[in-house]
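J.: Mind folding the following:
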Amino acid sequence: RQPPPPRPCRQGAMLSSLPLQIVIFFDTVYAFLWAIAMLVLFAWKGARLPYEGQVRSFLGLEVALVFVLLVIELSRLFMGERGNKLEQATPLLVFVILTLVAALGNFYFLYLQIFVTRADLILNAVSLAFQGLGVLLAIPTLITFRRAPKAVEQ
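T.: Got it, this is the predicted structure:
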């Protein structure tokens, strides 16, 4: 039995963005560090800060939001990595759209949560910086993928 023929590929230069791939790699590492640091921070807040009455239930919601945001962030990074490595515009477009959703979550933790500490400000500002840099690198890469000639069937 013969193996299937190789899939056609683009002729010419590689279109993937190395700077984008580097940002995605470090952002993936940071996403896990961010989640761990936020959970430790919420444990400290729950023990030290006055979450009383109805505000106590918001602590649980904010902790749940950390997990939701981590899933969104990891999905975003997966789509960005996939789109960049496979030189496909659709996953890269999903990456940009999910970045907007993740940025809203970071904005909430930066300004709108019940108690905002300096650690919250630093953790979420760095996360927003990674997201902004990722979008700034993804948009030109997306344009490059759209303008490139399609693969030719042999």
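J.: tell me the contacts of the residue lying farthest from the centre of the chain?
T.: Relative to the mean C-alpha coordinate of the chain, counting by CA atoms, centre = their mean, the farthest residue is Arg1 (42.6 Å). Arg1 makes no contacts at all, as judged by CB atoms under 8 Å, 6 or more residues apart in numbering. C-beta coordinates here come from the backbone N, C-alpha and C atoms, glycine included.
J.: Check what pLDDT it gets.
T.: At Arg1, the predicted lDDT confidence score is 75.
J.: do Arg56 as well
T.: In this prediction, Arg56 carries a pLDDT score of 85.
J.: Quick check: phi and psi at it.
T.: Per-residue torsions, Arg56: phi -60, psi -40 (degrees, to the nearest 10).
J.: Helix, strand, or coil at Pro3?
T.: Under DSSP: H, G, I helix; E, B strand; the rest coil, the three-state class of Pro3 is coil.
J.: burial of it, as a residue count?
T.: By the criterion of other CB atoms under 10 Å, Pro3 has 5 neighbours.
J.: That one and Leu86, how far apart?
T.: The span separating Pro3 from Leu86 equals 20 Å under the rule CB to CB, to the nearest Å.
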